[in-house]
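[1] The following comprises the amino acid sequence and a computationally predicted model.
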Amino acid sequence: VQLAESGGGLVQAGGSLRLSCAASGRTFSGYNMGWFRHTPGKEYEFVAALAWRGDGTTYYSDSVAGRFTISGDNAKDTVYLQMDSLKPEDTAIYSCAAIHVSKGYYALRGYHGYDYWGQGTQVTVSS
């Protein structure tokens, strides 16, 4: 599975961006999806996850709940992260990742459980 993010950029505080994560390569059907973010020198932080190969449950970190929305388009093998009411502290490199469904829902929030990663897209929120 190859994952490619797009949609990052520079936005003012209070603005919105929508990130996309397109999958290619081997079948994507057995994987759930997550978004993580990181800044240089810091660990990856869980942002959101979508159990789209299960019951469609979505998961969010406390810092983005109510502002970000994760969704997926099965026909396009693409996952989205709609980010609204952006804050300067949301500035980071955002990466999507795929995790095999056999690892269960508990693993969705954990960085180490994911099997495939995109290269990331920079999001910068100015104050």
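    Here it is on my side, so go on. For clarity, every value in this text was computed on a predicted model and none was experimentally measured.
[2] and the closest residue to residue 60 other than its chain neighbours, how many neighbours?
    Nearest non-adjacent residue to residue 60, counting by CB to CB, 6 or more residues apart in numbering: residue 48, 5.0 Å away. Bear in mind the C-beta positions are built from the backbone N, C-alpha and C, glycine included. By other CB atoms under 10 Å, the residues close to residue 48 number 26.
[3] thought residue 56 was touching residue 33?
    No: with contacts counted by CB atoms under 8 Å, residue 56 stays clear of residue 33, the gap being 11.6 Å.
[4] can you list residues touching both of those two?
    Shared contacts of residue 56 and residue 33, defined by CB atoms under 8 Å, 6 or more residues apart in numbering, comprise residue 50.
[5] for this protein, what spans make up the strands?
    2-6, 9-12, 17-24, 31-38, 45-50, 58-60, 68-73, 78-83, 92-100, 116-117, 121-126 (DSSP state E).
[6] Which among these is found nearest to residue 109?
    Closest approach to residue 109 among the strands of the chain (CB to CB): strand 45-50, 4.8 Å.
[7] Who are the packing partners of that closest one?
    With contacts defined as 3 or more CB pairs under 8 Å, 6 or more residues apart in numbering; DSSP states H and E, the packing partners of strand 45-50 are strand 31-38, strand 58-60, strand 68-73, strand 78-83.
[8] Run the angle between the longest one and strand 68-73 for me.
    Same thing as strand 31-38. 150 degrees (axes from the mean of the first three to the mean of the last three CA atoms, to 10 degrees).
[9] From the chain's centroid, how far away is strand 31-38?
    Centre-to-centre, strand 31-38 and its host chain are 4 Å apart (CA atoms, centre = their mean, to the nearest Å).
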